[in-house]
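Student: Okay, predicted coordinates and the sequence, questions at the end:
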Amino acid sequence: MRTVRNIWVQHPAVDLVLAGSLFAFLYFSIEGDIFTPTGLQAFLSALSTTAGLVMAAATFVCTILYQSSNPSIKKLISRHGRGVARSWVCIILITLIACVAASALTGLTEATFWAGQIGITLLALVFIEGVRAVWWLNAVFKLEETEHIRTDRAQVREPRFRQSK
């Protein structure tokens, strides 16, 4: 389980593979329009709002991660900086694209089939990126907690050798 999670964190392109699989599944399994034109506009407006909220949360977590003075977090960034940066660029870029695309798809009243398919795929991508951002937030909290435990233990320890008078 841990290996799958590490692969997922290090390679954000997996998100696009999952979304592409969902798009293919929807394309081959659903016949006809998923939404009415009015329902599609409401769905895409909600999707755009959700993508904006996920982007705001992701930006907050990214700021916490990079502004931390915790030695464990600094070590994580120095060791895995490229993967961490790739993950954050993917999160922010995909949520931005989803937000803009959802707004653009709102104008497609004739092509509700394609707009619905793309909208559902974008919703899946936004959900996956939200999970990725929450995973990073959890990692930051765990590293902060670990560092507090280490400093507390270091303060509690008594010296090994007591000085004699």
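Tutor: Received it, and whenever you're ready, just let me know what you need. Numbers count the residues shown, from 1 in each chain.
Student: which residues of this protein score low on pLDDT?
Tutor: For the chain, applying pLDDT under 70 flags the ranges 1-2, 5-6, 9, 32-33, 147-165.
Student: Now with 80, please.
Tutor: Within the chain, the stretches with pLDDT under 80 are 1-16, 26-38, 107-111, 146-165.
Student: all strands of it, in order?
Tutor: Read by DSSP state E, the chain holds no strands at all.
Student: Okay, helices next: where are they in it?
Tutor: Using DSSP state H, the helices found in the chain span residues 2-10, 13-29, 37-67, 71-105, 112-156.
Student: Let me see the contact set for the closest residue to Ile97 other than its chain neighbours.
Tutor: Spatial nearest neighbour of Ile97, excluding adjacent residues (CB to CB, 6 or more residues apart in numbering): Leu122 at 7.9 Å. All C-beta spots, glycine's among them, are computed from the backbone N, C-alpha and C. Contact partners of Leu122, counting by CB atoms under 8 Å, 6 or more residues apart in numbering, are 19, 47, 51, 97-98, 101-102.
Student: Turn those into a markdown table, including distance to Arg82 and neighbour count.
Tutor: Formatted as a markdown table, the contacts of Leu122 follow (distance: CB to CB, whole Å; neighbours: other CB atoms under 10 Å):
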| residue | distance to Arg82 | neighbour count |
| --- | --- | --- |
| Ala19 | 23 | 22 |
| Leu47 | 31 | 23 |
| Ala51 | 26 | 26 |
| Ile97 | 22 | 14 |
| Ala98 | 24 | 27 |
| Ala101 | 27 | 20 |
| Ala102 | 30 | 25 |
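Student: Make a markdown table from the residues you listed and add distance to Ile7 to it.
Tutor: Shown next, in a markdown table, are the contacts of Leu122 (distance: CB to CB, whole Å):
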| residue | distance to Ile7 |
| --- | --- |
| Ala19 | 17 |
| Leu47 | 28 |
| Ala51 | 25 |
| Ile97 | 23 |
| Ala98 | 23 |
| Ala101 | 27 |
| Ala102 | 29 |
